[in-house]
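> below: sequence and its predicted model.
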Amino acid sequence: MAKKHRRLPKVINKVINKEKVNKPFENEYYHEPGTPPGTLIIDEDAEQPNIFLVDYNQTNLTHKQIKHPEECSNYLDTESVSWVDVQGLGNKEIIHRLGQTFDLHPLILEDVFNMGERPKIEDYEDQLVIIARMVVPNPNHGSFYSEQVSLVLGRHYLLTIQEEPEHDCFDSVRMRIDKGKGIIRRQGSDYLAYSLLDAIIDGFFPVLELYGERIAELEEEVIVSPNPQTLKQIYQIRRELLQLRRAIWPQRDAINSLIRDSSKLISEEVRIYLRDCYDHAVQVMDMVETYRELASGLMDVYLSAVSNKMNEIMKLLTVVSSIFIPLTFVVGIYGMNFNTEKSPYNMPELNWYWGYPLCLGLMAAIASGLIFFFWRRGWLDNSFEINQK
Amino acid sequence: MAKKHRRLPKVINKVINKEKVNKPFENEYYHEPGTPPGTLIIDEDAEQPNIFLVDYNQTNLTHKQIKHPEECSNYLDTESVSWVDVQGLGNKEIIHRLGQTFDLHPLILEDVFNMGERPKIEDYEDQLVIIARMVVPNPNHGSFYSEQVSLVLGRHYLLTIQEEPEHDCFDSVRMRIDKGKGIIRRQGSDYLAYSLLDAIIDGFFPVLELYGERIAELEEEVIVSPNPQTLKQIYQIRRELLQLRRAIWPQRDAINSLIRDSSKLISEEVRIYLRDCYDHAVQVMDMVETYRELASGLMDVYLSAVSNKMNEIMKLLTVVSSIFIPLTFVVGIYGMNFNTEKSPYNMPELNWYWGYPLCLGLMAAIASGLIFFFWRRGWLDNSFEINQK
Amino acid sequence: MAKKHRRLPKVINKVINKEKVNKPFENEYYHEPGTPPGTLIIDEDAEQPNIFLVDYNQTNLTHKQIKHPEECSNYLDTESVSWVDVQGLGNKEIIHRLGQTFDLHPLILEDVFNMGERPKIEDYEDQLVIIARMVVPNPNHGSFYSEQVSLVLGRHYLLTIQEEPEHDCFDSVRMRIDKGKGIIRRQGSDYLAYSLLDAIIDGFFPVLELYGERIAELEEEVIVSPNPQTLKQIYQIRRELLQLRRAIWPQRDAINSLIRDSSKLISEEVRIYLRDCYDHAVQVMDMVETYRELASGLMDVYLSAVSNKMNEIMKLLTVVSSIFIPLTFVVGIYGMNFNTEKSPYNMPELNWYWGYPLCLGLMAAIASGLIFFFWRRGWLDNSFEINQK
Amino acid sequence: MAKKHRRLPKVINKVINKEKVNKPFENEYYHEPGTPPGTLIIDEDAEQPNIFLVDYNQTNLTHKQIKHPEECSNYLDTESVSWVDVQGLGNKEIIHRLGQTFDLHPLILEDVFNMGERPKIEDYEDQLVIIARMVVPNPNHGSFYSEQVSLVLGRHYLLTIQEEPEHDCFDSVRMRIDKGKGIIRRQGSDYLAYSLLDAIIDGFFPVLELYGERIAELEEEVIVSPNPQTLKQIYQIRRELLQLRRAIWPQRDAINSLIRDSSKLISEEVRIYLRDCYDHAVQVMDMVETYRELASGLMDVYLSAVSNKMNEIMKLLTVVSSIFIPLTFVVGIYGMNFNTEKSPYNMPELNWYWGYPLCLGLMAAIASGLIFFFWRRGWLDNSFEINQK
Amino acid sequence: MAKKHRRLPKVINKVINKEKVNKPFENEYYHEPGTPPGTLIIDEDAEQPNIFLVDYNQTNLTHKQIKHPEECSNYLDTESVSWVDVQGLGNKEIIHRLGQTFDLHPLILEDVFNMGERPKIEDYEDQLVIIARMVVPNPNHGSFYSEQVSLVLGRHYLLTIQEEPEHDCFDSVRMRIDKGKGIIRRQGSDYLAYSLLDAIIDGFFPVLELYGERIAELEEEVIVSPNPQTLKQIYQIRRELLQLRRAIWPQRDAINSLIRDSSKLISEEVRIYLRDCYDHAVQVMDMVETYRELASGLMDVYLSAVSNKMNEIMKLLTVVSSIFIPLTFVVGIYGMNFNTEKSPYNMPELNWYWGYPLCLGLMAAIASGLIFFFWRRGWLDNSFEINQK
């Protein structure tokens, strides 16, 4: 049976965002329906996995890049905290051996390697699996990279699995371990897991900062010079915020259940720190919702602003037409060829001494009257006002 | 008393989707109000039922197509797992005999044969009835076939009843049984039920893939060239996603209650697998909601884009009118017939040596001024811009 | 003190639906504020009550039309099930005597006779009161009649009170009792109550069928030929679906509390049947919500379609104006009266040999150029396209 | 320190509703931030308080208008029910003495005299405080007066405090006490409190009746002749229904907590009556929500109807322009002055014998063709249709 | 490692509100992701902290401005209530020493100095931390200043930390302490905390008053003279109300958990007062939501009003064009140069005795007819009506 490995459509990227910066939907794989549970599906194009091991306690610190997953096994049961960080998922064999080394349940393995899972917590007695989604700002395009990170927490080890080697937000945690900064070296693997989760959640803020800036720019543009490009961008922002919401919402729930459920792998002390992390997740959600409301309000403003522009255009057309159409009618009258010789009533004006000047005067009067009429209505002012803005 | 069997209206198909690809509402039957409960209503036009039996344990495997439902009874009480798969509902007698063979409560029978039921779980001590809705993508039209599947789970058997013989998503499960792949042959009927449910839920992903693609195409179209056809399609997508939501929402609840309620027919081990299935159902729901929001955002974009187009049209009209109406007025003036001989003030221009060239020059000046005015306002550029896109 | 009996306004009927087919708000009476609880308010214009008694057990069956409510009392305490069906509420005295015969709490009486109550369940130890709302399709107008039905369930009797004698959906239940069809004759009064409730809930489906058809028609109309009549109908459908929702929502809650609360008047067996009835209520609600979303989507489509039409109109105007206004300017030029004799520069074209043909040719060239320009932009095609649809 | 007493802005009244009929926001006072709790703030402009005492039991009835609050104290501890009704809040001293007489907690006093409190229940052991909001229809303007009523329920007394002497809906309760109608004279102070609450809730129905009528009128107007006045009124209705919702929503919750919480001041029997009152509150809420949805639907209809009107206007403009602009071009041609003597190709038509009639015929043909074209498109019919409606 | 301290974008201020009055987003700082918990980040530009100490009991009162945080320690453990009020956060060292003096958990310190936290309650056994948000009206711009206030409540002391020295709403509390007004001097630190919280919540009312006024002004403007400025302001109000909602919503939850959770630092008596404070928070939320609905309704009204204006403009254009275009056609006819001498059918009107007057009469008739037609349709009236409003 051919079990294929498929990606969900890169929905909008290929269309709106031709440079393919932000790939919110791209990472969503799904199994062929009916695939047995626990089936591992490896994306052939994915990056080859790099495995890094950091083993530390309050006094010692070991750094290592690892070739064979089995090398880890020496470290796992020692009292020191072992952090095994796998970056890239492109090698089926290594991943299988990794699963054996860490004694992972087949469903864990499936979740971990099935990119596009919803963030969640799974509690398997001796292991706690946290599926999270990490975002990293992409400042060139004002959007973000999004990547799934899985954390498998054991008594004395933490296994983290990232989709790609680039763009993670764990550098500062690594540095705290290296430099022995903070209390991280004195704490267990649960504190390490908390630190990484905290870094993931805090990683949303710089992304939101970019959206804040993009919204601020659009707010100006939408009133001053609404154009189809603006429309495209508002839609784009709404779509991307939808992605962010999908990422943060279940993450908040997951952290909450970490706090509430009494897994023996998480100490009371770390639970207090997790409360802080939960607060930040709520704050991120708050901001995402606020930005979504702002973006949706912008759409209304856009529609209204376009209608306003149309009003201005119509006003101009109406002013021009209303002034010149009557005048054209008047000049049309004196272009008629009624025979003035046949009767004194046939266009005697044509033969008046002051005929032409009077006619011009009449037209000037009409035009002035109409201009005054429009000025009184404020149509002329408005036209200028919009220009100045 | 004439108890009729009626279909709910094929609401939109006949109108919008003339090829009748996707029949979201078509399968919804309802009883004449007041029909006694448990009444079986057989659609005369429905397909004749085909009955397939698969009986397996870890070592043996029997395949059979069955004519008379009674043939099943030998298999039901053996330790081996018996999967009886009924496809098509068009024969009242056979269905009655099926009900007797499996000892089904009249209400079960009614639910099973009343197409258009809401997905749900019913727990009858010795039998667990799961009403589910299966969707299969229809790639030609970017939509889906939808079909009700009922699962009756007993101690050692599973009865599945499908509306139609075509389009199911159980092939890969059948293959796993045939080839002894995975752990399915070592497990009981509850694991089989889980496998089928999982296949049903995972069957939503390819359907969503199609919608992702349709939305991506519309996203391009709606800004570049909005037209009534686009409008129709956005509405159509919203309507079909509504159908998907109606299908997946209660399914999620049903799986959840399967996990929580302590039916003795479901083993603890299978419950863990069901949690995975539940996660997928939540993910499907998430995606349906996201797509619905995107589609609803598209409607806003459409309206705005149409207004934009109107602005462009009005700009063109205004530019043309504003330039030529004053010019026409000028030429009208010199078409007047004031008698130049009666007075030196009557249109002396007509007799000037440079009269005509001056007049043409004046008009060229007016036109240039107006064109400059519109160019400054950016109206001329915009018109081109839209063209280039 | 004059306690008046007032109807809520027939809000929309008198306006939109001049034939007064559907009276969703008409039946809503309310008491003068401050009226003591239990006050009976009889509508003088209401129909005189007809009282029907059916008394049955597995073997016997009595049918009777009753004049005096007191006649019922013989039947109420016997083991056989007595169904007293009151149709019409127009006689205060009879209703009082009915209350005494059945020993009804004053608040029950008030609820029962206060048309426009919210569907609900009230549990008074020996009696269970169910206030329900019955809808019957009105196929001529695609809408429905709506009527309050109250069920008072006692140990061996069921009292049902309907607002009007016409339009009920209990016929099939009556027939099942008459013909001894199904298990109804073997069961108690609680099963009878269930059967009627089930008939009431199932009575929503034919009504929804009508709305499905109306929506299907509007879906076609709204894109092909949107007009004020369409708008009216969309609004009307939304309003009527709002009514249906108000009717079904509390009914579902009421049935749910019937299932959960442990009234001793409802047997376990009937509770299972009620679960089925509850499922149908949920399904009705689902469909009402789906239709509401469709109708609300139609409003968006309508607005967009009207804007589209406007675009088409404006395109035509712009095409016609843009072609003819410049041409009119050209002919205006050669209508000027500059004196060709005063100077060789004054309109020499007028005296050219090929002047007129050249002028016509120029205009033909301008017109062709503009037509080509509009054709390239697709404006001309679009105009035809809309026509063909 | 100057503690000022300020009113919230009379937001919309002063603008939209210049006659100041309905003052939904006017009654909302607030304390200067930081004011100590329990501070009494007396509005100098408010009405001087009138105090009425009714003391009754099954046999006796005393009516009295009271000058000094202290006069009440004789009645409070007797077994008979004493109803002290204070109308108007404009005298600080009397209110203080009232607080002392009834031994009110300072926070009660603050709540009672702080107009604009949210309806709520406060349970202070020996006293139960109910803050409610009463509405009275104002038929001249189709809106309502709104007033805060506080009920302080003690063992044998009920203190009610109303903002103003006019407009209450307690008359019928007073009459029931006077005439000994119903069971009110046989019951305690809790029943009296219920009766007043019931009168307050039922007082919403006549108000809703007015809104029903206003909506019905607008439904006609919005489609037939939408104008800015309609828009204003739809907005106004939405705003006022928002006020009603703010009044009824917490009231429902308050009644619900009265039923659930086991205050010893409310007897079991009265609790049953309160359930009825709760049902009415839910019904009011239902209707308010329904009206709000109707009003919000009306806004959509309005926007669509205005677009429709615009379509009609544009059609007329387009028809007129499209017919006359080409004709004007034709007459312009034959107004050109090409010299027919210089060449036989220069406008020979001018010298044809049938030139003029042919020209008129050509123009008639063009006009007919265009009229036919527009007639086929249905533009001409539509214009009349709208007129007839 | 360079840990930077960044501000979230001042999103909208810099654009819409160039004067930077209201800085709703400005105060939101965030940590570099991965920063260890408890890291203190000091804004170099922030104001230098001023520390004020008030120590009081029923008889004594000490006021002091403090240089070194350590000076406080003498006061903290005495029975008298010590209120230490820190204003400004710009000095890292002082803040560190403050943390040591009060023995604050590192996470408390982080929360307190991380401006932009969500309002919340944290319970650390001996200390209760309340993070609140204070708003102060900015009457010049109709908006508000927003500032984070943290309250650390201990057994006998209260530490409050404000972002800036200006704009707080605690003056009246200070005065009550100074003058011994109310019961504040007799109560403990929990009552002081309540008083400040109460002042914070009540501080929302004057801000809402400003918004009420701005909405009232916009309600007039939006119907009478909608312009882009109006649009801008509606959007601005919606955005600012979103800010208020974000501030009040979690505050309500925090107060609620203060009431429910049984912290031993809050006495039963103060809990009763907190209930009052909670009611006010709910009322603020209510008003914010109401204003938000009004503002969102205003956006609809704006769009409709703009469409109305467009209708008026189009009507004028259509009236002018429809009257003068036919007349221009008529004068065009008699401007044709058909040779009247060649045939009696060539424009004989030109030679009629009454030709010109008849022609003028015809045109007058046409114009009158059209004017009558438009008058009947009510177009002329409407145009004036709008003017008068």
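Sure thing, it's come through. Numbers count the residues shown, from 1 in each chain, chains lettered A, B, ... in the order given.

> and chain A, what are its domains?
Using the TED database, the domain parsing of chain A gives A:50-304, A:336-385.

> weakest of those domains in terms of mean pLDDT?
Of all these, the minimum mean pLDDT falls on domain A:336-385 (a mean of 82).

> do a quick rundown of the helices in the stretch 201-350 of chain A.
Ranges of helices within the stretch 201-350 of chain A are A:204-224, A:228-260, A:268-333, based on DSSP state H, counting those that start in this stretch.

> any chance of JSON lines for the ones you listed, columns mean neighbour count?
Where C-beta positions appear, they are placed from N, C-alpha and C, glycine not excepted. Compiled in JSON lines, those are given as follows (neighbours: other C-beta atoms under 10 Å in any protein chain shown):
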{"stretch": "helix A:204-224", "mean neighbour count": "21"}
{"stretch": "helix A:228-260", "mean neighbour count": "21"}
{"stretch": "helix A:268-333", "mean neighbour count": "21"}
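
> residue A:61: which of these is closest?
In terms of C-beta to C-beta, the element of those nearest to residue A:61 is helix A:268-333, at 20.8 Å.

> if you compare the directions of the closest one and helix B:268-333, what angle comes out?
Interaxial angle, helix A:268-333 versus helix B:268-333 (axes from the mean of the first three to the mean of the last three C-alpha atoms, to 10 degrees): 20 degrees.

> may I see the buried residues of the helix or strand just after helix A:268-333?
Remark: after helix A:268-333, the chain's next helix or strand is helix A:355-376, criterion DSSP states H and E. By neighbour count on 16 or more other C-beta atoms under 10 Å in any protein chain shown, the buried set for helix A:355-376 is A:355-356, A:359-360, A:363, A:370, A:374.

> could you do stretch A:108-125 as well?
Within stretch A:108-125, the residues that qualify as buried are A:108-123, counting by 16+ other C-beta under 10 Å.

> so how far is residue C:192 from the residue of chain A found nearest chain C?
Going by C-beta to the nearest C-beta, chain C is nearest to residue A:335 of chain A, at 6.8 Å. Distance, residue A:335 to residue C:192, using C-beta to C-beta, to the nearest Å: 93 Å.

> mind listing what residue A:173 touches?
Shown in contact with residue A:173 (C-beta atoms under 8 Å, 6 or more residues apart in numbering or on different chains): A:184, A:192, A:195-196, A:199, E:34.

> contacting residues for residue A:57?
Residues near residue A:57 by C-beta under 8 Å, 6+ apart: A:79-81, A:185.

> ranking by neighbours, what's the top pick from those residues?
residue A:81 (24 neighbours; other C-beta atoms under 10 Å in any protein chain shown).

> burial count for the residue lying closest to that residue once chain neighbours are set aside?
Closest residue to residue A:81 apart from its sequence neighbours, by C-beta to C-beta, 6 or more residues apart in numbering or on different chains: residue A:189 at 4.8 Å. When neighbours are counted by other C-beta under 10 Å, residue A:189 registers 23.

> do you know how far residue A:189 is from residue A:171?
From residue A:189 to residue A:171 the distance is 19 Å (C-beta to C-beta).

> same question, residue A:329
Taking C-beta to C-beta, one finds residue A:329 at 78 Å from residue A:171.

> tell me the first helix or strand C-terminal of whatever helix or strand residue A:131 lives in.
Using DSSP H and E, residue A:131 falls within strand A:127-138. Next in sequence after strand A:127-138, counting helices and strands by DSSP H and E, comes strand A:143-153.

> and the helix or strand that that next one is followed by, what other elements does it pack with?
Under the assignment DSSP H and E, the closest C-terminal helix or strand after strand A:143-153 is strand A:157-162. With contacts taken as 3 or more C-beta pairs under 8 Å, 6 or more residues apart in numbering or on different chains; DSSP states H and E, strand A:157-162 sits against strand A:81-87, helix A:92-102, strand A:143-153, helix A:189-202.

> next, the angle helix A:189-202 makes with the following helix or strand past strand A:157-162.
Next along the chain after strand A:157-162, taking DSSP H and E as the criterion, comes helix A:171-179. Angle of helix A:171-179 versus helix A:189-202, following the same axes, to 10 degrees, is 150 degrees.

> and helix A:171-179, how far out from the chain middle?
29 Å (C-alpha atoms, centre = their mean, to the nearest Å).

> show me what counts as buried in that helix.
Neighbour-count burial for helix A:171-179 [16+ other C-beta under 10 Å]: A:172-174, A:176-177.

> and the residue nearest the centre of chain A?
Chain A has residue A:240 as the residue nearest its centroid, 2.8 Å off, counting by C-alpha atoms, centre = their mean.

> tell me how far the closest residue in space to that residue that isn't next to it in sequence lies from residue A:165.
Of all residues not flanking residue A:240 in the chain, residue A:143 sits nearest, at 5.8 Å (C-beta to C-beta, 6+ apart). Here residue A:143 is placed at a distance of 20 Å from residue A:165 (C-beta to C-beta).

> same question, residue A:187
In terms of C-beta to C-beta, residue A:187 sits 27 Å off from residue A:165.

> neighbour-wise, which of the two wins?
Higher neighbour count among residue A:187 and residue A:165: residue A:187, with 18 against 15, using other C-beta under 10 Å.

> strands - which of the buried residues of stretch A:108-125 land there?
Counted as lying in strands by DSSP state E, out of the buried residues of stretch A:108-125, are A:120-123.

> could these be laid out in TSV, adding distance to chain B?
Output for these, formatted as TSV (distance: C-beta to the nearest C-beta, whole Å):
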residue	distance to chain B
A:120	6
A:121	11
A:122	8
A:123	11
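
> how far away is residue A:69 from chain B?
24 Å (C-beta to the nearest C-beta, to the nearest Å).

> okay, now that residue: neighbour count?
For residue A:69, the tally of surrounding residues (other C-beta under 10 Å) stands at 22.

> who's in contact with it?
So residue A:69 contacts A:51, A:94, A:97-98, A:100-101 (C-beta under 8 Å, 6+ apart).
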